[in-house]
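> sequence? don't have it. structure:
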(Lines give C-alpha, C1' and ligand atoms only; values in the text may rest on other atoms or scores of the structure.)
Protein backbone atom coordinates (compact mmCIF):
# COMPACT_ATOMS: atom_id res chain seq x y z
CA UNK A 1 0.00 0.00 0.00
CA UNK A 2 2.90 2.38 0.63
CA UNK A 3 3.96 1.96 -3.02
CA UNK A 4 0.43 2.66 -4.24
CA UNK A 5 0.13 5.68 -1.96
CA UNK A 6 3.33 7.18 -3.38
CA UNK A 7 1.92 6.72 -6.88
CA UNK A 8 -1.26 8.51 -5.84
CA UNK A 9 0.65 11.81 -5.40
CA UNK A 10 -0.65 12.03 -1.82
CA UNK A 11 -4.28 12.77 -2.53
CA UNK A 12 -6.96 12.70 0.15
CA UNK A 13 -7.34 9.13 1.37
CA UNK A 14 -10.92 7.86 1.54
CA UNK A 15 -11.69 4.62 3.38
CA UNK A 16 -15.37 3.63 3.06
CA UNK A 17 -14.73 0.53 5.25
CA UNK A 18 -12.21 1.74 7.80
CA UNK A 19 -12.35 -1.08 10.37
CA UNK A 20 -9.21 -0.89 12.49
CA UNK A 21 -7.65 1.90 10.38
CA UNK A 22 -4.50 -0.20 9.85
CA UNK A 23 -3.95 1.10 6.33
CA UNK A 24 -4.77 4.75 7.02
CA UNK A 25 -2.59 4.86 10.15
CA UNK A 26 0.19 3.07 8.30
CA UNK A 27 0.09 5.62 5.49
CA UNK A 28 -0.66 8.60 7.78
CA UNK A 29 -1.93 11.02 5.13
CA UNK A 30 -2.43 14.70 5.86
CA UNK A 31 -6.06 14.49 4.74
CA UNK A 32 -8.44 11.57 5.08
CA UNK A 33 -12.12 10.72 5.16
CA UNK A 34 -12.61 7.68 7.37
CA UNK A 35 -15.98 5.95 7.26
CA UNK A 36 -17.39 2.80 8.80
CA UNK A 37 -20.93 1.47 9.06
CA UNK A 38 -20.24 0.58 12.69
CA UNK A 39 -21.03 3.74 14.61
CA UNK A 40 -19.24 2.52 17.74
CA UNK A 41 -15.94 2.24 15.88
CA UNK A 42 -16.32 5.79 14.55
CA UNK A 43 -17.36 7.14 17.94
CA UNK A 44 -14.14 5.74 19.39
CA UNK A 45 -12.04 7.37 16.65
CA UNK A 46 -13.79 10.71 17.09
CA UNK A 47 -13.21 10.59 20.83
CA UNK A 48 -9.52 9.76 20.29
CA UNK A 49 -9.30 12.77 17.95
CA UNK A 50 -10.76 14.87 20.77
CA UNK A 51 -8.16 13.62 23.30
CA UNK A 52 -9.93 10.63 24.85
CA UNK A 53 -8.68 9.72 28.32
CA UNK A 54 -10.03 6.39 29.60
CA UNK A 55 -10.92 6.58 33.27
CA UNK A 56 -12.98 3.42 33.73
CA UNK A 57 -11.65 0.35 35.50
CA UNK A 58 -10.06 -2.11 33.06
CA UNK A 59 -9.14 -5.61 34.26
CA UNK A 60 -8.78 -8.98 32.56
CA UNK A 61 -11.55 -10.65 34.53
CA UNK A 62 -14.51 -12.61 33.15
CA UNK A 63 -17.16 -11.48 35.62
CA UNK A 64 -16.13 -7.83 35.28
CA UNK A 65 -16.07 -8.15 31.48
CA UNK A 66 -19.69 -9.23 31.31
CA UNK A 67 -20.74 -6.44 33.66
CA UNK A 68 -18.94 -3.94 31.40
CA UNK A 69 -20.60 -5.47 28.34
CA UNK A 70 -24.01 -5.07 29.97
CA UNK A 71 -23.15 -1.48 30.88
CA UNK A 72 -22.16 -0.76 27.26
CA UNK A 73 -25.35 -2.36 25.91
CA UNK A 74 -27.43 -0.30 28.32
CA UNK A 75 -25.87 2.84 26.85
CA UNK A 76 -26.92 1.61 23.41
CA UNK A 77 -30.48 1.01 24.62
CA UNK A 78 -30.59 4.55 26.04
CA UNK A 79 -29.12 5.96 22.79
CA UNK A 80 -26.06 7.20 24.66
CA UNK A 81 -23.52 5.39 22.48
CA UNK A 82 -21.96 8.60 21.10
CA UNK A 83 -20.18 9.45 24.34
CA UNK A 84 -16.69 9.19 25.81
CA UNK A 85 -17.97 6.59 28.28
CA UNK A 86 -19.25 4.45 25.42
CA UNK A 87 -15.91 4.84 23.60
CA UNK A 88 -14.02 3.83 26.74
CA UNK A 89 -16.18 0.75 27.29
CA UNK A 90 -15.94 -0.17 23.61
CA UNK A 91 -12.14 -0.05 23.80
CA UNK A 92 -12.08 -2.20 26.95
CA UNK A 93 -14.48 -4.78 25.49
CA UNK A 94 -12.60 -5.03 22.23
CA UNK A 95 -9.27 -5.51 23.99
CA UNK A 96 -10.67 -8.07 26.44
CA UNK A 97 -13.19 -9.94 24.29
CA UNK A 98 -12.66 -13.10 22.27
CA UNK A 99 -10.12 -12.82 19.44
CA UNK A 100 -10.51 -9.04 19.18
CA UNK A 101 -13.88 -9.49 17.48
CA UNK A 102 -16.35 -6.68 16.95
CA UNK A 103 -19.77 -8.28 16.68
CA UNK A 104 -23.33 -7.14 17.30
CA UNK A 105 -26.58 -9.08 17.21
CA UNK A 106 -29.65 -8.15 15.16
CA UNK A 107 -30.83 -5.94 18.02
CA UNK A 108 -27.63 -3.92 17.78
CA UNK A 109 -26.19 -5.17 21.07
CA UNK A 110 -22.58 -6.23 21.60
CA UNK A 111 -22.35 -10.02 22.00
CA UNK A 112 -18.67 -10.98 21.91
CA UNK A 113 -17.76 -13.44 24.72
CA UNK A 114 -14.86 -13.10 27.15
CA UNK A 115 -11.45 -13.60 25.56
CA UNK A 116 -9.38 -15.52 28.16
CA UNK A 117 -6.05 -13.82 27.45
CA UNK A 118 -3.22 -14.37 29.89
CA UNK A 119 -2.20 -10.71 29.85
CA UNK A 120 -3.58 -7.54 28.28
CA UNK A 121 -1.80 -4.21 28.02
CA UNK A 122 -4.50 -1.55 28.23
CA UNK A 123 -4.02 2.06 27.16
CA UNK A 124 -5.63 5.09 28.77
CA UNK A 125 -4.57 7.77 26.31
CA UNK A 126 -3.83 7.84 22.57
CA UNK A 127 -1.83 11.01 21.98
CA UNK A 128 0.33 9.35 19.31
CA UNK A 129 -2.75 8.47 17.24
CA UNK A 130 -4.41 11.80 17.97
CA UNK A 131 -1.50 13.67 16.42
CA UNK A 132 -1.91 11.70 13.18
CA UNK A 133 -5.71 11.98 12.83
CA UNK A 134 -6.16 15.57 14.05
CA UNK A 135 -7.14 16.84 10.57
CA UNK A 136 -9.09 13.78 9.42
CA UNK A 137 -12.85 13.64 8.98
CA UNK A 138 -14.95 10.75 10.25
CA UNK A 139 -18.40 9.47 9.31
CA UNK A 140 -20.59 6.46 9.98
CA UNK A 141 -22.89 5.61 7.10
CA UNK A 142 -23.36 3.10 4.33
CA UNK A 143 -20.36 3.23 1.99
CA UNK A 144 -22.63 4.17 -0.91
CA UNK A 145 -23.38 7.49 0.79
CA UNK A 146 -19.74 8.51 1.22
CA UNK A 147 -18.96 11.50 -0.97
CA UNK A 148 -15.93 10.87 -3.16
CA UNK A 149 -14.12 13.44 -5.29
CA UNK A 150 -12.27 12.74 -8.52
CA UNK A 151 -9.05 13.86 -6.83
CA UNK A 152 -9.29 11.26 -4.03
CA UNK A 153 -7.43 8.00 -3.51
CA UNK A 154 -9.96 5.35 -2.41
CA UNK A 155 -9.00 2.24 -0.47
CA UNK A 156 -11.92 -0.22 -0.28
CA UNK A 157 -11.68 -2.99 2.31
CA UNK A 158 -15.10 -4.68 2.59
CA UNK A 159 -15.72 -7.61 4.93
CA UNK A 160 -13.92 -10.73 3.77
CA UNK A 161 -15.77 -13.16 1.52
CA UNK A 162 -16.16 -15.61 4.41
CA UNK A 163 -18.97 -17.03 6.51
CA UNK A 164 -18.65 -14.45 9.32
CA UNK A 165 -20.71 -11.42 8.24
CA UNK A 166 -22.18 -9.90 11.43
CA UNK A 167 -19.66 -7.13 12.07
CA UNK A 168 -22.29 -4.42 12.52
CA UNK A 169 -25.40 -6.53 13.10
CA UNK A 170 -26.13 -6.64 9.37
CA UNK A 171 -25.37 -9.47 6.98
CA UNK A 172 -22.71 -8.93 4.31
CA UNK A 173 -23.09 -11.74 1.79
CA UNK A 174 -22.20 -12.23 -1.84
CA UNK A 175 -24.79 -9.80 -3.16
CA UNK A 176 -23.15 -7.11 -1.04
CA UNK A 177 -19.72 -8.00 -2.47
CA UNK A 178 -21.19 -7.46 -5.94
CA UNK A 179 -22.91 -4.25 -4.86
CA UNK A 180 -19.60 -2.80 -3.64
CA UNK A 181 -17.84 -3.27 -6.95
CA UNK A 182 -20.83 -2.06 -8.94
CA UNK A 183 -21.11 1.09 -6.82
CA UNK A 184 -17.47 2.14 -7.23
CA UNK A 185 -17.52 1.39 -10.96
CA UNK A 186 -18.66 4.97 -11.64
CA UNK A 187 -15.54 6.60 -10.18
CA UNK A 188 -12.45 7.55 -12.22
CA UNK A 189 -10.17 8.24 -9.26
CA UNK A 190 -7.53 5.67 -8.15
CA UNK A 191 -9.28 2.67 -6.59
CA UNK A 192 -7.77 -0.17 -4.57
CA UNK A 193 -9.84 -3.08 -3.23
CA UNK A 194 -8.62 -5.81 -0.89
CA UNK A 195 -10.40 -9.03 0.01
CA UNK A 196 -9.82 -12.70 0.63
CA UNK A 197 -8.68 -14.29 -2.64
CA UNK A 198 -11.64 -16.58 -3.23
CA UNK A 199 -12.13 -17.64 -6.83
CA UNK A 200 -15.38 -15.73 -7.21
CA UNK A 201 -13.90 -12.52 -5.74
CA UNK A 202 -10.96 -12.63 -8.15
CA UNK A 203 -13.27 -13.17 -11.12
CA UNK A 204 -15.60 -10.39 -9.97
CA UNK A 205 -12.81 -7.82 -9.80
CA UNK A 206 -11.40 -8.88 -13.16
CA UNK A 207 -14.85 -8.56 -14.74
CA UNK A 208 -14.93 -4.91 -13.64
CA UNK A 209 -11.56 -4.10 -15.17
CA UNK A 210 -9.32 -4.26 -12.11
CA UNK A 211 -5.72 -5.41 -12.31
CA UNK A 212 -5.56 -8.22 -9.77
CA UNK A 213 -2.58 -9.19 -7.61
CA UNK A 214 -2.51 -12.18 -5.25
CA UNK A 215 -0.43 -11.61 -2.12
CA UNK A 216 0.29 -13.30 1.19
CA UNK A 217 -2.10 -11.70 3.62
CA UNK A 218 -0.65 -9.90 6.66
CA UNK A 219 -3.81 -10.76 8.57
CA UNK A 220 -5.46 -14.03 9.47
CA UNK A 221 -8.98 -15.44 9.46
CA UNK A 222 -9.81 -15.63 13.15
CA UNK A 223 -13.57 -15.35 13.53
CA UNK A 224 -13.79 -19.06 14.39
CA UNK A 225 -10.40 -19.43 16.05
CA UNK A 226 -8.72 -20.52 12.82
CA UNK A 227 -5.31 -18.84 12.67
CA UNK A 228 -4.44 -20.10 9.18
CA UNK A 229 -2.87 -17.39 7.01
CA UNK A 230 -5.15 -16.53 4.08
CA UNK A 231 -4.16 -15.43 0.60
CA UNK A 232 -5.45 -11.98 -0.24
CA UNK A 233 -6.34 -10.22 -3.46
CA UNK A 234 -5.36 -6.61 -4.12
CA UNK A 235 -7.34 -5.18 -7.03
CA UNK A 236 -6.27 -1.88 -8.62
CA UNK A 237 -7.98 0.40 -11.12
CA UNK A 238 -7.22 3.82 -12.58
CA UNK A 239 -3.56 3.49 -11.65
CA UNK A 240 -0.49 2.46 -13.67
CA UNK A 241 1.42 -0.30 -11.90
CA UNK A 242 2.99 -3.53 -13.14
CA UNK A 243 3.64 -5.44 -9.97
CA UNK A 244 3.23 -5.35 -6.18
CA UNK A 245 6.16 -6.04 -3.88
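Perfect, thanks for sending it. All figures in this text were calculated on a predicted structure; none of them were measured in a lab. Residues are numbered from 1 along each chain as shown.
> residue ranges for the helices of this structure, please.
For the chain, helices defined by DSSP state H occupy the ranges 2-7, 22-27, 39-49, 62-77, 84-96, 127-133, 174-184, 199-207.
> So for residue 107, which of those helices sits nearest?
helix 62-77 (9.0 Å; Cβ to Cβ). (Each C-beta comes from the backbone N, C-alpha and C, glycine too.)
> Which elements pack onto the closest one?
The helices and strands touching helix 62-77, judged by 3 or more Cβ pairs under 8 Å, 6 or more residues apart in numbering; DSSP states H and E, are helix 84-96.
> Hey, what's the angle from the helix it packs on to helix 39-49? Just curious.
Computed by axes from the mean of the first three to the mean of the last three Cα atoms, to 10 degrees, the angle separating helix 84-96 from helix 39-49 equals 110 degrees.
> contacting residues around helix 84-96?
The set of residues that contact helix 84-96 without belonging to it, under Cβ atoms under 8 Å, 6 or more residues apart in numbering, is 40-41, 43-44, 46-48, 52, 54-56, 58, 60, 65, 68-69, 71-72, 75-76, 80, 100, 102, 110, 112, 114-115, 117, 120, 122-123.
> tell me the mean pLDDT over it?
Here helix 84-96 scores 98 as its mean pLDDT.
> what does stretch 107-114 give?
Taken as a whole, stretch 107-114 has an average pLDDT of 96.
> repeat for stretch 51-60
When pLDDT is averaged along stretch 51-60, the result is 98.
> Let me have the helices of the chain in a markdown table, adding distance to residue 158 as columns.
As requested, these are exported to a markdown table (distance: least, Cβ to Cβ, whole Å):
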| stretch | distance to residue 158 |
| --- | --- |
| helix 2-7 | 18 |
| helix 22-27 | 13 |
| helix 39-49 | 15 |
| helix 62-77 | 24 |
| helix 84-96 | 20 |
| helix 127-133 | 22 |
| helix 174-184 | 5 |
| helix 199-207 | 10 |
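> can you tell me which of those the model trusts least?
helix 2-7 (a mean of 61).
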